[in-house]
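[1] pasting the structure only:
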């Protein structure tokens, strides 16, 4: 589908299938989410600019590549985004972190903000917004707009699953922000959940209802 990059690596797809299974335990779901987030991070950061650095190996000096520019910012949409964040920070421990607290009103399906905290200097950094699900896209759109209002100009959105309706709506609101996802599912149901999906990612991760 136009407007989203599907990360179809076999390991990503294998782990996602196990996450979809309704009998996967909370512990298993949390472990798989952490593992898959590392693999997704490889892809969303694939084109980071690099620059040469002079170093000394045990044998001789050499010019070796390092990531160029300011460190990344990972922006977690609470609460489920933190499940992806854990694995991402294992791979990029120097990244700065923003937290955006949003919940979806069950009647209107519109996002309600209850918390926002982000590092300074967003305009100088690549900001990767993370949330497991891109369903109605209302929360994702609000989160990205909040970050833009704070000065962010280079953003990417990373999720596990996306619905076609959510991708279309997100692209309309933020055509400058690419989407990376492990899968694009069939549709949204009448309650705004992704079908076939994997249920509520936050509930499955934390064992809540």
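    Sure, I can see it. Not measured: the values here are computed from a predicted model.
[2] Just the helices from the protein, written as ranges.
    For the chain, the helices defined by DSSP state H occupy 10-20, 26-44, 81-91, 138-149, 164-173, 201-206.
[3] Surely residue 95 is in contact with residue 74?
    Yes. Taking contacts as CB atoms under 8 Å, residue 95 lies within contact range of residue 74: 5.1 Å. (Glycine included, C-beta is placed from N, CA and C.)
[4] Show me the common contact partners of the two, please.
    Common neighbours of residue 95 and residue 74 (criterion: CB atoms under 8 Å, 6 or more residues apart in numbering): 88-89.
[5] Looking at these two, which has the bigger crowd around it?
    residue 74 (24 against 19; other CB atoms under 10 Å).
[6] so where's the chain uncertain?
    1-2, 109, 209 (pLDDT under 70).
[7] With distance to residue 158 as added columns, please give the helices of the chain in JSON lines.
    Putting the helices of the chain into JSON lines (distance: least, CB to CB, whole Å) gives the following:
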{"stretch": "helix 10-20", "distance to residue 158": "12"}
{"stretch": "helix 26-44", "distance to residue 158": "5"}
{"stretch": "helix 81-91", "distance to residue 158": "7"}
{"stretch": "helix 138-149", "distance to residue 158": "10"}
{"stretch": "helix 164-173", "distance to residue 158": "12"}
{"stretch": "helix 201-206", "distance to residue 158": "13"}
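[8] do you know which of those helices lies nearest residue 4?
    Residue 4 lies closest to helix 164-173 among the helices of the chain, at 5.1 Å (CB to CB).
[9] got the angle between that closest one and helix 138-149?
    For helix 164-173 against helix 138-149, the angle by axes from the mean of the first three to the mean of the last three CA atoms, to 10 degrees is 20 degrees.
[10] Would you mark the buried spots in helix 164-173?
    164-167, 169-171 (16 or more other CB atoms under 10 Å).
[11] Next: stretch 117-124.
    118, 122.
[12] And that stretch, how far out from the chain middle?
    Relative to the centre of its chain, stretch 117-124 is centred 17 Å away, using CA atoms, centre = their mean, to the nearest Å.
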